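Participant: Quick one, what's the 3D model for this:
(2 chains, ligands or ions: 1)
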Amino acid sequence: MQSKTLSHLRQLEAESIFILREAAAEFSKPVMLYSTGKDSAVMLRLAQKAFYPGRIPFPLLHIDTHYKFPEMIQFRDWYAKQAGAELIVHSNEKALSQGANPYTLGTQKCCSLLKTRALLDALAEGGFDVAFAGARRDEEKSRAKERVYSFRDGQGQWDPRNQRPELWNLFNGRHNQGENIRVFPLSNWTELDIWFYICAESIPLVPLYFAREREAVERAGSVVLMQRGMRLLPGERPEMIKCRMRSLGCVPCSAAIRSDADTVPKIIAEMLSFRKSERDNMMDHDEEGALEMKRREGYF
Amino acid sequence: MLDNSLDTFVQSLMGDSSGEPDLLRFITAGSVNDGKSTLIGRLLYETRAVYEDQLVSIQRSGMNRSTGPVDLSLLTDSLAAEREQGITIDVAYRYFATPRRKFIIADTPGHEQYTRNMATGASTAQAVVVLIDATKGLLPQCRKHIYIAALLGIQDMVAAVNKMDLVGYSEQVFNDIAQDFKRFCELLGIRNACAIPVSALKGDNIIQASSRTKWFDGATLLEYLEELPVLNSDYSKPLRFPIQCVKHHDSGSRVFSGQIAAGLMQRGEAVTAFPSGKRARIKSISTFDGETEYALHGSSITIMLDREIDLERGDLLASDCHLPQCAANVATKLIWLDSQPCQPGKAYVLKHTTRTVQARVSTTIRRIDMDTARSVPALSLEMNDVASVSMETSVPLIFDPYRQNRTMGSFILIDPITNATVAAGMIEGATADRTTGFSRSLVN
Ligand SMILES: Nc1nc2c(ncn2[C@@H]2O[C@H](COP(=O)(O)OP(=O)(O)O)[C@@H](O)[C@H]2O)c(=O)[nH]1
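Facilitator: Take a look at the predicted model:
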């Protein structure tokens, strides 16, 4: 017994739980951003574990752009209920009623209205002082320096020069009224860790992650699913393609890949066999990536 | 078949006994141009290829995997580009894994703010890889890096004597540097110091043993990192369990959540609560995955006690056989992190384990010159200064000295006005109680 150690996944799990509990204890009104994606799914499971045998002591917040895949919405409602968590859904109704859409606004502006603005409004309306988000440091090079506790100014913006040093496991959550902070419990997880954990814990995922025949068109090397709100380009004709999504986002900005991987182990195997950044197949950006938008204006 | 073999592999990843992949955190230290980016790039690139090949072979036999030509510069270039952006007050975390272990590298680039960055990275690291340029030897800058690593409690130090290709893979050059390195480590009381001749550029002794250093029979850098016993595997240490939160269970009794900071917790074990001094037994250890008989160091758990005692966030449960210390006056090593200098006598907020109190820095400060490791009296502390100071807290701290237990011996200071984290501290022990009435003045 003397030389036992926690396996690396158990250690990551224990650290994430520690972070969730610290922030829940030190902030007055936490909320968890829930995108329905795989990282959110893991974060939600960790929250269940952190507060077991109690319920998750804060609500989940989903920013609905109205351009999400219907499967994401169905899954969201089902899973939040399963986890016994309160779910808040927020949309930028004003922009939507004014007809905000990616085709006329361009994806960057659409995003800034339907995602970023909606998120900041939802945080302000709810009076939330801390928002848990599922971003990981290995996602993008620019994230490698992100803190676990990431401070936002009154406008919700991130100033890389004004972040607090984080030593040991001593997180400094002190903040003034009106300031809020993002907490990233999955900071030290890699994409592979996330998949291994999903596999080991049998965490349910949105079916879009798994390969099956879907109605789609091939466009600029990507597989684009036929969905409500999807516009065909001249000459395009939908066909049945066996495919899956590597990241979930809005319908007009998400592409699938051709794949036969219909189970988590097969997804892991496939992922290892073509190791591209998970971002490669995003035409624009995805769920948690909303914090650092990549632009590809004019794709459509 | 495919699913089964991977399932078995993943189940093994979730285990908690030796032989399964564990986690090692280390930090890399080096001056600009010693080759740190190249070294990290090589580790990331080569281990990724190796790791993924092995994983894939677990899952698919004969799957054709297109491995393009190794383009190390791509990885290193991006690291270098980051540095050029000029934001050096940071630590970048990077990840790689082998089938035996997952690694987290704290990479602290640049000269500026080096102490602050390195201290941050080293605070959670078990080991340090010190880059030494073989053409330059052990420069004062290297000594400083080693000093900071030692200060933060790192006991496993490996010198990567780099650019061996530029000195003709000379055994003599390596031996001289290795000797200097080991001697300096010894001076600082480091238990495990070793040196490896490498060329980050050519790949010698990073992953595979080099044929160009036949005279060297030690481990390669990766072998060293893979074989290092993980620090927190020592369960002979006395139990320490800082309380993170207290909740009422449906049954009406209270449950206590936290992460085990040392030792092993067993159901039925007798524990003492601090600060109350009350004793109780562990009635149950529960996790989402069920009740367990015992929980290892590092586990985040929720427990029930066999009787109702005073216990709240910030309190501690400790093993009955070996109690922690309790004092409001402590001798510490302090690293100043903020651009506003330290104000002795001012009340700062101090966070120690899960407990937040008020504290002030004594007026007797001895600043440490990291080049000579000698201390001189000082009136204040500026950013990146390291000093011996005593602290007085509003309520007593329940601690173990930092060198015995990092979690139980570390704290941060927070400025109550700006909310900035201004200092990192390490408790050395209690000082003679010279109460100045501070604790009473704060409490009342
Ligand atoms: N000859 C030789 N050059 C190296 C070696 N390692 C790094 N370099 C070179 O030294 C320079 C600085 O390396 P870099 O990794 O950027 O250093 P850093 O500033 O410590 O990150 C670059 O030109 C590298 O190609 C080595 O083992 N041998």
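Participant: The stretch 201-300 of chain A against chain B: which residues are in contact?
Facilitator: Contact residues, the stretch 201-300 of chain A versus chain B (CB under 8 Å from any CB of the partner chain): A:Thr263, A:Pro265, A:Lys266, A:Ile268, A:Ala269, A:Leu272, A:Ser273, A:Arg275. Using the backbone N, CA and C atoms, a C-beta is placed for each residue, glycine as well.
Participant: Can you tell me which of the residues you listed comes closest to A:Lys109?
Facilitator: Using CB to CB, A:Arg275 is the member of those that lies nearest A:Lys109, at 32.9 Å.
Participant: what residues are up against the most centrally placed residue in chain B?
Facilitator: Against the mean C-alpha coordinate of chain B, by CA atoms, centre = their mean, the closest residue is B:Thr124 at 2.1 Å. Shown in contact with B:Thr124 (CB atoms under 8 Å, 6 or more residues apart in numbering or on different chains): A:Leu167, A:Trp168, A:Asn169, B:Arg25, B:Ala106.
Participant: What separation is there between the residue nearest to B:His322 when sequence neighbours are not counted and B:Leu316?
Facilitator: Nearest non-adjacent residue to B:His322, counting by CB to CB, 6 or more residues apart in numbering or on different chains: B:Pro238, 3.6 Å away. According to CB to CB, to the nearest Å, B:Pro238 and B:Leu316 sit 11 Å apart.
Participant: Same question for B:Asn329.
Facilitator: According to CB to CB, B:Asn329 and B:Leu316 sit 19 Å apart.
Participant: Between these two, which is the more surrounded one?
Facilitator: Set B:Asn329 next to B:Leu316 and count neighbours by other CB atoms under 10 Å in any protein chain shown: B:Leu316 wins out with 26 against 20.
Participant: And the pLDDT at that one?
Facilitator: Note on B:Leu316: pLDDT of 97.
Participant: residue contacts, the closest residue to it other than its chain neighbours?
Facilitator: In this structure, B:Leu316 finds its nearest non-sequential neighbour in B:Phe274, 4.4 Å apart by CB to CB, 6+ apart. With contact set as CB under 8 Å, 6+ apart, B:Phe274 has these partners: B:Asp315, B:Leu316, B:Leu317, B:Ala318, B:Pro324, B:Cys326, B:Ile398.
Participant: Give me the subset of those that lies in strands.
Facilitator: Of the contacts of B:Phe274, the ones assigned to strands by DSSP state E are B:Leu316, B:Leu317, B:Ala318, B:Cys326, B:Ile398.
Participant: Quick check: bridge partners of the last one?
Facilitator: Here B:Ile398 sits in beta bridges with B:Cys326, as judged by DSSP bridges.
Participant: Ok, the first one next?
Facilitator: Using DSSP bridges, the bridge partners assigned to B:Leu316 are B:Pro242, B:Phe274.
Participant: residues touching residue 130, list them.
Facilitator: Just so you know, I chose chain A. By CB under 8 Å, 6+ apart, A:Val130 lies in contact with A:Ala23, A:Phe27, A:Lys29, A:Pro30, A:Val31, A:Gly173, A:Asn180, A:Ile181, A:Arg182, A:Val183.
Participant: my question was about chain B
Facilitator: Taking CB under 8 Å, 6+ apart as the test, what B:Val130 contacts is B:Ala29, B:Gly30, B:Cys142, B:His145, B:Ile146, B:Ala149, B:Met157, B:Val158, B:Ala159, B:Ala160, B:Phe181.
Participant: Tally up the residues packed near the third one, please.
Facilitator: By that I understand B:Cys142. As a burial measure, B:Cys142 scores 24 neighbours (other CB under 10 Å).
Participant: before we move on, what about the fifth one?
Facilitator: The criterion is other CB under 10 Å. On that basis, B:Ile146 has 26 neighbouring residues.
Participant: pretty sure it contacts B:Phe184?
Facilitator: Yes - contact criterion CB atoms under 8 Å: B:Ile146 and B:Phe184 qualify, at 6.1 Å.
Participant: so B:Arg48 is in which element?
Facilitator: Assessed by DSSP states H and E, B:Arg48 sits inside helix B:36-59.
Participant: Same question for A:Ser16.
Facilitator: Taking DSSP H and E as the criterion, A:Ser16 maps to helix A:8-26.
Participant: shaky segments in the stretch 101-250 of chain A?
Facilitator: By pLDDT under 70, the weakly predicted segments of the stretch 101-250 of chain A are A:141-142, A:154-161, A:229.
Participant: switch to 80 and redo it
Facilitator: Residue ranges of the stretch 101-250 of chain A with pLDDT under 80: A:102-103, A:140-145, A:152-163, A:178, A:228-231.
Participant: What are the boundaries of the strands in the stretch 151-300 of chain A?
Facilitator: Ranges of strands within the stretch 151-300 of chain A are A:180-183, A:212-219, A:222-225, A:239-245, A:256-258, based on DSSP state E, counting those that start in this stretch.
Participant: then stretch B:208-226 to PDB, C-alphas only?
Facilitator: Only the C-alpha atoms of stretch B:208-226 are listed here, as PDB (Å, rounded to 0.1, in the frame of the first residue of the first chain):
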ATOM      1  CA  GLN B 208      17.100   7.100 -27.100                       C
ATOM      2  CA  ALA B 209      20.600   6.500 -25.900                       C
ATOM      3  CA  SER B 210      23.100   8.100 -28.200                       C
ATOM      4  CA  SER B 211      25.900   6.200 -30.000                       C
ATOM      5  CA  ARG B 212      28.000   9.300 -29.900                       C
ATOM      6  CA  THR B 213      28.200   9.300 -26.100                       C
ATOM      7  CA  LYS B 214      29.200   5.700 -25.600                       C
ATOM      8  CA  TRP B 215      31.100   6.700 -22.500                       C
ATOM      9  CA  PHE B 216      27.800   7.700 -20.800                       C
ATOM     10  CA  ASP B 217      25.900   4.800 -19.300                       C
ATOM     11  CA  GLY B 218      23.100   6.700 -17.500                       C
ATOM     12  CA  ALA B 219      19.500   7.100 -18.400                       C
ATOM     13  CA  THR B 220      18.300   9.200 -21.300                       C
ATOM     14  CA  LEU B 221      16.200  12.300 -20.300                       C
ATOM     15  CA  LEU B 222      12.900  10.500 -21.000                       C
ATOM     16  CA  GLU B 223      14.000   7.400 -19.200                       C
ATOM     17  CA  TYR B 224      14.900   9.500 -16.200                       C
ATOM     18  CA  LEU B 225      11.500  11.300 -16.300                       C
ATOM     19  CA  GLU B 226       9.600   8.000 -16.700                       C
END
